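Asker: no sequence on this one, just coordinates:
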């Protein structure tokens, strides 16, 4: 019997080492992928990403995407919820959850005169979560914070006097590498704290062409904006079972002002001026370098969110509300007049037909969601730009283990064709994998 116990102990030690090695592998994969994602990031084609820090990306994984982006008051058992760091205390003991997702977006840009169609696809995120102790869980991961991708051309002409063409091109964005901690100090209450490393590069190119007054002028200005710094965010959840049938969760998230270190580098600057008739150069200036031309901070403003969820074993209803003070944001010490405070309302529903696996389709979870947002862009002639979206999706459990595949679709509209602006309509698809591994489980023998 002693020899049998010894063999079992050896097997358990080997299993622990294997699972620990897998966890380290996941962590290294997340770090490597986050670096590659930061360089390759361009998940949007939108002229509005010219402004601010680009097109803002929402937190949330597969389940959240299908439910309008909600998550402040969600506490999933079989997946991760990065919307609220307090939610990780719900991760079961001895379980490691690895999340990754792919996203693709088809968009149509239109104004009063023309339309343009675009498609983008990319690795959306990676994360891992597990429980350290009964009262403490943690998660590592990376997600996008903003995306920049635009090509803008404007032409100004006065017949027989002058012609001017301005071209602007940008790509890149900001990413977030995070380390979350969730604690459950007392029953019904969970609190969370998250350390974020925000980083990214945005390539900014400007080409100017002018002809008039007998000469032609051509200018190329190529720059790179780099951002990297740390920030903190917090969350809490109150979780209560009512009459052994209903579950009520109330949650909140908060992030204070963050002064991110930023640096702008001049890559290329060239200017050429010459006579139209003789083609003789009047002036030539060409500089190719990699020098810092300005240092400063980008102020990412305070953000607050509140959420509530109420449900039974079959039905779940949830809603979130966010506000963020972008009017107080500064870019290298300068406030932008077109930035305004954001207000976002989200809602979601989840339905599970069967409690036990009577058939496969009865344990599939079906989801619906909506979102309405007053964005951080506001123009004098058009007012606040708004975005409205509806979403739906489902989760498909794998039979051999508790891993899950989540599928979500979102249909949205942003902007308007009035006042000379551009309207963006899009369809976004997210494919999410929630992969589960088991830590060492101690066996008992007589």
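Answerer: Cool, the structure landed. These numbers were taken from a predicted model, which means no experiment stands behind them. Residues are numbered from 1 along each chain as shown.
Asker: Give me the buried positions along the helix or strand harbouring residue 345.
Answerer: Using DSSP states H and E, residue 345 sits within strand 342-351. In terms of neighbour count (16 or more other C-beta atoms under 10 Å), strand 342-351 has its buried residues at 342, 343, 344, 346, 347, 348, 349, 350. The C-beta positions use only the backbone N, C-alpha and C, and glycine is treated the same way.
Asker: how far away is residue 414 from residue 353?
Answerer: Distance, residue 414 to residue 353, using C-beta to C-beta, to the nearest Å: 34 Å.
Asker: With residue 231 instead?
Answerer: Going from residue 231 to residue 353 by C-beta to C-beta gives 42 Å.
Asker: Ok, residue 227 next?
Answerer: 46 Å.
Asker: Between those two, which is the more surrounded one?
Answerer: More crowded of residue 227 and residue 353, by other C-beta atoms under 10 Å: residue 227, with 23 against 13.
Asker: State the three-state secondary structure for the more buried one.
Answerer: Following DSSP: H, G, I helix; E, B strand; the rest coil, we place residue 227 in the strand state.
Asker: quick revisit: describe which strands the strand holding residue 345 pairs with in its sheet and in which direction.
Answerer: strand 315-324 (antiparallel), strand 365-379 (antiparallel) (DSSP bridges).
Asker: List the contacts of the shortest one.
Answerer: Outside of strand 315-324, the residues that reach it under the criterion C-beta atoms under 8 Å, 6 or more residues apart in numbering are 67, 69-74, 83, 301-311, 341-351, 376.
Asker: Name the nearest residue to residue 245, ignoring sequence neighbours.
Answerer: In space, and not counting its chain neighbours, residue 245 is closest to residue 312: 6.2 Å by C-beta to C-beta, 6 or more residues apart in numbering.
Asker: Next SSE downstream of the strand or helix carrying residue 164?
Answerer: Element membership for residue 164, per DSSP H and E: strand 162-186. Going down the chain from strand 162-186, the next helix or strand is strand 189-212, by DSSP H and E.
Asker: For that following strand, could you pull out the residues that count as buried?
Answerer: 190-192, 194, 196, 198-202, 204-206, 210.
Asker: again, but for stretch 224-241
Answerer: In terms of neighbour count (16+ other C-beta under 10 Å), stretch 224-241 has its buried residues at 224, 225, 227, 229, 231, 233, 234, 235, 236, 237, 239.
Asker: same deal with stretch 296-306?
Answerer: So for stretch 296-306, counting by 16+ other C-beta under 10 Å, buried means 296, 297, 298, 299, 300, 301, 302, 303, 305, 306.
Asker: now, which of those sits nearest residue 247?
Answerer: residue 306 (17.9 Å; C-beta to C-beta).
Asker: Got the confidence number for the residue nearest to residue 389 when sequence neighbours are not counted?
Answerer: Closest residue in space to residue 389, ignoring its immediate chain neighbours: residue 412 at 3.2 Å, by C-beta to C-beta, 6+ apart. We have a pLDDT of 96 for residue 412.
Asker: any idea which helix or strand comes after the least confident helix or strand in the chain by mean pLDDT?
Answerer: Ranked by mean pLDDT, DSSP states H and E, the weakest helix or strand in the chain is helix 2-40, scoring a mean of 53. Remark: after helix 2-40, the chain's next helix or strand is strand 55-56, criterion DSSP H and E.
Asker: packing partners for the helix or strand just after that next one?
Answerer: Per DSSP H and E, strand 55-56 leads on to helix 62-66 as the next helix or strand towards the C-terminus. In terms of contacts (3 or more C-beta pairs under 8 Å, 6 or more residues apart in numbering; DSSP states H and E), helix 62-66 is packed against strand 365-379, strand 383-397, strand 404-415, strand 423-438.
Asker: which residues touch helix 62-66?
Answerer: Here helix 62-66 has contacts from 70-71, 74, 76, 79, 81, 83, 99, 101, 348, 350, 367-369, 391-395, 404, 406-410, 430-434, using C-beta under 8 Å, 6+ apart.
Asker: what mean pLDDT does the helix or strand following it have?
Answerer: Helices and strands here follow DSSP H and E; after helix 62-66, the next one along the chain is strand 95-110. Here strand 95-110 scores 90 as its mean pLDDT.
Asker: With stretch 153-168 instead?
Answerer: Regarding stretch 153-168, the rounded mean pLDDT is 83.
Asker: Okay, now it: how far is its last residue from its first?
Answerer: 6 Å (C-alpha to C-alpha, to the nearest Å).
Asker: Equivalent analysis for stretch 51-61, please.
Answerer: For stretch 51-61, the end-to-end distance is 26 Å (C-alpha to C-alpha).
Asker: chain center to that stretch, what's the gap?
Answerer: 6 Å (C-alpha atoms, centre = their mean, to the nearest Å).
Asker: So for that stretch, mean pLDDT?
Answerer: Stretch 51-61 comes out at a mean pLDDT of 90.
Asker: ditto for stretch 225-244
Answerer: In this model, stretch 225-244 carries a mean pLDDT of 94.
Asker: that older thread, dump the buried residues of stretch 224-241 into CSV; add secondary structure and distance to residue 259 as well.
Answerer: Below are these laid out as CSV (DSSP: H, G, I helix; E, B strand; the rest coil; distance: C-beta to C-beta, whole Å):
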residue, secondary structure, distance to residue 259
224, strand, 20
225, strand, 16
227, strand, 11
229, strand, 7
231, strand, 9
233, strand, 15
234, strand, 18
235, strand, 22
236, strand, 25
237, strand, 29
239, strand, 34
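Asker: out of the residues you listed, who's nearest residue 106?
Answerer: residue 225 (28.1 Å).
Asker: Identify the bridge partners of the closest one.
Answerer: The partner residues for residue 225, given DSSP bridges, come to residue 202, residue 264.
Asker: Ok, residue 165 next?
Answerer: Going by DSSP bridges, residue 165 forms beta bridges with residue 155, residue 209.
Asker: Relative to residue 373, how far out is it?
Answerer: From residue 165 across to residue 373, the span is 34 Å (C-beta to C-beta).
Asker: These two: who's more crowded?
Answerer: Between residue 165 and residue 373, residue 373 has the larger neighbour count (other C-beta under 10 Å), namely 22 against 15.
Asker: Let me see the contact set for the more buried one.
Answerer: 342, 343, 344, 345, 386, 387, 388.
Asker: And for residue 370?
Answerer: 68, 346, 347, 348, 388, 389, 390, 391.
Asker: I'm done for today, thanks for sticking with me.
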